[in-house]
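Enquirer: What follows is a predicted structure for the sequence shown.
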2 protein chains.
Amino acid sequence: MERNATADLILDAAEKRVRHNGYNAVSFRDLAEDVSVKSASVHYHFQTKESLGVALVKRYEERFLAALAKVEAKASSPALKLEGFCALYRQSLTESDAICLCGMLGAEISGLPEPVAAAVREFFQANIDWLEKALEGSDFKGSLREEAAVIVSTLQGAMMLSISLRDTQIMDASVAGILQSYKPRP
Amino acid sequence: MERNATADLILDAAEKRVRHNGYNAVSFRDLAEDVSVKSASVHYHFQTKESLGVALVKRYEERFLAALAKVEAKASSPALKLEGFCALYRQSLTESDAICLCGMLGAEISGLPEPVAAAVREFFQANIDWLEKALEGSDFKGSLREEAAVIVSTLQGAMMLSISLRDTQIMDASVAGILQSYKPRP
DNA sequence: CTCCATATATCTATCGGTAGATAGGCAATA
DNA sequence: TATTGCCTATCTACCGATAGATATATGGAG
């Protein structure tokens, strides 16, 4: 994914704006102003809004999967991997004071250009894939994949409500609840 | 809240469109077409988009609280009330094949006109209030209010992911997980 | 080393379309 | 006749997108 400086600055600005206000509330002119160029120059780097959206989600997913790979490398048990996963979500919330990019786009998904929607679904699937694999060997009864999806959705919901009510406690309590359920039963 | 027929049809159309595509993706012209009038007539009933948004959320909350009151009347135990609460969320998802109105607006909250944002926060607070009261007397250790917020956010997240991945199983599994946590410990 | 060709990245200017919003008129009704 | 509800027509602002000019950098060919 070799990309030049301006294109990345545009994606940075887009990520911030989309995570706060949603896909349809972001314009090429907004982004142009954010990076101090004209809107025609934004179109030079991303011909259409759809292609910008796809690039945005793909970069976001790449970064997230890279962070997950680091967790994978360090965490030795399913419980620790789960903890690392939750910590990443929590960090994403506190660092940007916004919900997950794909949490926002997931809410708007039926109104998105199909290629963008597909990229969002892929992000979620990759999350669930990782978690499912991470939880292998934990003493959990039932479908691991289903449980992984529940965890992802729980974290996404917690981000949304934390931002809406301006109360990070909700995220913390959600994470605590998730981790508690996966403590090896004594 | 006495309102005439057209105004309610406009709100019906707005609710559907906002729940599917988000606040910023809905226009007066869209709504006008939905109810077979001209956009100026939509402005006759709701002068501004902001006032339409506020009315939309308030009506939604009224309906939801009315449904909760019925649950309250029928359910005798905290466990049954919780079950009724989750069932209402599940019903909201399956009936409209869309996320909660306030789940959508909650995601977009930082880009909403402040009065609309305030109405959304009030919806969530009312949900948490009801749940907190409903859970009184359950053998749960820790802050009931915090736990109520976690449940609301979990259900909201489950709706979002269910719609995104087109898999209602996620909602079902989330509800099952919530109810299981609140089974009186044997 | 210089000159020219090409590529890159930006600009100005503009397109057709749509956004929210308003003014003023017309018909039914109470 | 005053009110209600809808209409036509229009406004200004902004949307995504494109055309075409310009400046700068790179990299051979002579």
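Expert: Sure thing, it's come through.

Enquirer: give me the element the residue nearest to A:K81 when sequence neighbours are not counted is part of.
Expert: Spatial nearest neighbour of A:K81, excluding adjacent residues (Cβ to Cβ, 6 or more residues apart in numbering or on different chains): A:A134 at 3.8 Å. (C-beta placed from N, C-alpha, C; glycine too.) Secondary structure from DSSP states H and E places A:A134 in helix A:114-135.

Enquirer: what's near enough to touch the spatially most central residue of chain A?
Expert: In chain A, the residue lying closest to the centroid (Cα atoms, centre = their mean) is A:C100, at 4.2 Å. By Cβ atoms under 8 Å, 6 or more residues apart in numbering or on different chains, the contact set of A:C100 is A:R19, A:Y89, A:S92, A:L93, A:Q156, A:M159.

Enquirer: How about A:S138?
Expert: A:S138 sits next to A:P78, A:A79, A:L82, A:Y182, A:P184 when contact means Cβ under 8 Å, 6+ apart.

Enquirer: wait, A:N24 sits on A:A107?
Expert: No. Using Cβ atoms under 8 Å as the test, A:N24 is too far from A:A107 to be in contact (11.5 Å).

Enquirer: Mind naming the longest helix for chain A?
Expert: As assigned by DSSP state H, the longest helix anywhere in chain A is helix A:49-74.

Enquirer: just to revisit the earlier point, who has more neighbours out of A:N24 and A:A107?
Expert: Just comparing A:N24 and A:A107: by other Cβ atoms under 10 Å in any protein chain shown the higher neighbour count belongs to A:A107, 33 against 19.

Enquirer: List the contacts of the residue nearest to the more buried one when sequence neighbours are not counted.
Expert: Closest residue to A:A107 apart from its sequence neighbours, by Cβ to Cβ, 6+ apart: B:A107 at 4.2 Å. Counting by Cβ under 8 Å, 6+ apart, B:A107 touches A:G22, A:I99, A:G103, A:M104, A:A107, A:E108, A:M160, B:G22, B:M160.

Enquirer: Export those as a markdown table, with columns for secondary structure and pLDDT.
Expert: A markdown table is the format used below for the contacts of B:A107 (DSSP: H, G, I helix; E, B strand; the rest coil; pLDDT from 0 to 100):
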| residue | secondary structure | pLDDT |
| --- | --- | --- |
| A:G22 | coil | 97 |
| A:I99 | coil | 98 |
| A:G103 | helix | 98 |
| A:M104 | helix | 98 |
| A:A107 | helix | 98 |
| A:E108 | coil | 98 |
| A:M160 | helix | 98 |
| B:G22 | coil | 97 |
| B:M160 | helix | 98 |
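
Enquirer: Just name the closest of the residues you listed to A:E50, please.
Expert: Closest approach to A:E50 among the contacts of B:A107 (Cβ to Cβ): A:E108, at 13.6 Å.

Enquirer: can you tell me which residues contact the residue lying closest to the closest one once chain neighbours are set aside?
Expert: Of all residues not flanking A:E108 in the chain, B:G22 sits nearest, at 4.7 Å (Cβ to Cβ, 6+ apart). For B:G22, the contact set (Cβ under 8 Å, 6+ apart) comprises A:G22, A:Y23, A:N24, A:A107, A:E108, A:G111, B:M104, B:A107, B:E108.

Enquirer: and if we set it to 10 Å?
Expert: B:G22 makes contact with A:21-25, A:104, A:107-112, B:104-105, B:107-108, B:111 under the criterion Cβ atoms under 10 Å, 6 or more residues apart in numbering or on different chains.

Enquirer: The residue of chain A found nearest chain B is in what secondary structure piece?
Expert: Chain A approaches chain B most closely through A:G157 (2.3 Å), counting by Cβ to the nearest Cβ. Assessed by DSSP H and E, A:G157 sits inside helix A:144-164.

Enquirer: Equivalent analysis for A:G84, please.
Expert: Taking DSSP H and E as the criterion, A:G84 maps to helix A:78-96.

Enquirer: any idea how far the nearest residue to A:V18 once chain neighbours are set aside lies from A:A32?
Expert: Leaving out its chain neighbours, the residue that sits closest to A:V18 by Cβ to Cβ, 6+ apart is A:V26, at 5.5 Å. Counting by Cβ to Cβ, to the nearest Å, the gap from A:V26 to A:A32 is 11 Å.

Enquirer: ok, the two, which is more surrounded?
Expert: Set side by side, A:V26 and A:A32 show more neighbours around A:V26, with 25 against 18, by other Cβ under 10 Å.

Enquirer: Would stretch A:53-73 count as contacting DNA strand D?
Expert: No. Stretch A:53-73 stays out of contact with DNA strand D when judged by Cβ under 7 Å from any atom of the strand, the minimum separation being 9.7 Å.

Enquirer: how distant is that stretch from the center of its chain?
Expert: 8 Å (Cα atoms, centre = their mean, to the nearest Å).

Enquirer: Check stretch A:119-130 too.
Expert: Centroid separation for stretch A:119-130 versus its chain: 9 Å, with Cα atoms, centre = their mean.

Enquirer: now for the helix holding A:A134, which elements pack on it?
Expert: helix A:49-74, helix A:78-96, helix A:101-107, helix A:144-164, helix B:144-164 (3 or more Cβ pairs under 10 Å, 6 or more residues apart in numbering or on different chains; DSSP states H and E).

Enquirer: Much appreciated, bye for now.
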